[in-house]
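K.L.:
Here is a sequence with its predicted model. Questions after.
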Amino acid sequence: MRAIAPPIDLPLDVWQSYHTGMGLKRTTVYLDENDLRDLKIAAARRGVSEAEIIREGVRHALLRNRVWDEPVRFPTVSSGDPTFASRSDEILRSMRSEPGSE
């Protein structure tokens, strides 16, 4: 496997610890010409590597596509008033402060 050279402005020991300590693995990504151009511009603008932006994008995509094992359960409370749900708009309106009453 060919060694990857560190960026010019990054000390070799920092680069090596970052790339070996994080357990990064190499992969290949194919991008269309426009996306590659935009990636290069974004990386230069932020002062980070193109790979960092790709990793960030992968993390976002994985979170967006995550499948949870169990459904989210929200706590419930009982108002004790069986008409509460049907009167909720009215109740919320009555809780709104009147202009000038603050």
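P.N.:
Nice, I can see it.
K.L.:
Not counting sequence-adjacent ones, nearest residue to E50?
P.N.:
A43 (4.5 Å; C-beta to C-beta, 6 or more residues apart in numbering). Using the backbone N, CA and C atoms, a C-beta is placed for each residue, glycine as well.
K.L.:
Does the one you found lie in a helix or a strand, and which?
P.N.:
Assigned by DSSP states H and E, A43 belongs to helix 33-46.
K.L.:
buried residues in that helix?
P.N.:
By neighbour count on 16 or more other C-beta atoms under 10 Å, the buried set for helix 33-46 is 39, 43.
K.L.:
list the helices and strands the very next helix or strand once past that helix packs on?
P.N.:
Toward the C-terminus, helix 33-46 is succeeded by helix 50-64 as the next helix or strand (DSSP H and E). With contacts defined as 3 or more C-beta pairs under 8 Å, 6 or more residues apart in numbering; DSSP states H and E, helix 50-64 has these neighbours: helix 33-46.
K.L.:
what angle sits between the helix it packs on and helix 50-64?
P.N.:
With axes from the mean of the first three to the mean of the last three C-alpha atoms, to 10 degrees applied, the angle from helix 33-46 to helix 50-64 works out at 110 degrees.
K.L.:
center of this structure - which residue?
P.N.:
Centroid-nearest residue in the chain, with C-alpha atoms, centre = their mean: H60, separated by 4.5 Å.
K.L.:
what separates A51 from L39, distance-wise?
P.N.:
Distance of A51 to L39, computed by C-beta to C-beta, to the nearest Å: 10 Å.
K.L.:
Residues contacting the helix holding A43, please?
P.N.:
Outside helix 33-46, the residues within contact range by C-beta atoms under 8 Å, 6 or more residues apart in numbering are 31, 49-50, 52-54.
K.L.:
any idea of the mean pLDDT in it?
P.N.:
What helix 33-46 shows for mean pLDDT is 96.
K.L.:
How far off centre is that helix?
P.N.:
The chain centroid and the centroid of helix 33-46 are separated by 19 Å under C-alpha atoms, centre = their mean, to the nearest Å.
K.L.:
repeat for stretch 59-77
P.N.:
Relative to its chain's centre, stretch 59-77 lies at 14 Å (C-alpha atoms, centre = their mean).
K.L.:
list the buried ones in it?
P.N.:
Buried, per 16+ other C-beta under 10 Å, within stretch 59-77: nothing.
K.L.:
Good, we can wrap up now.
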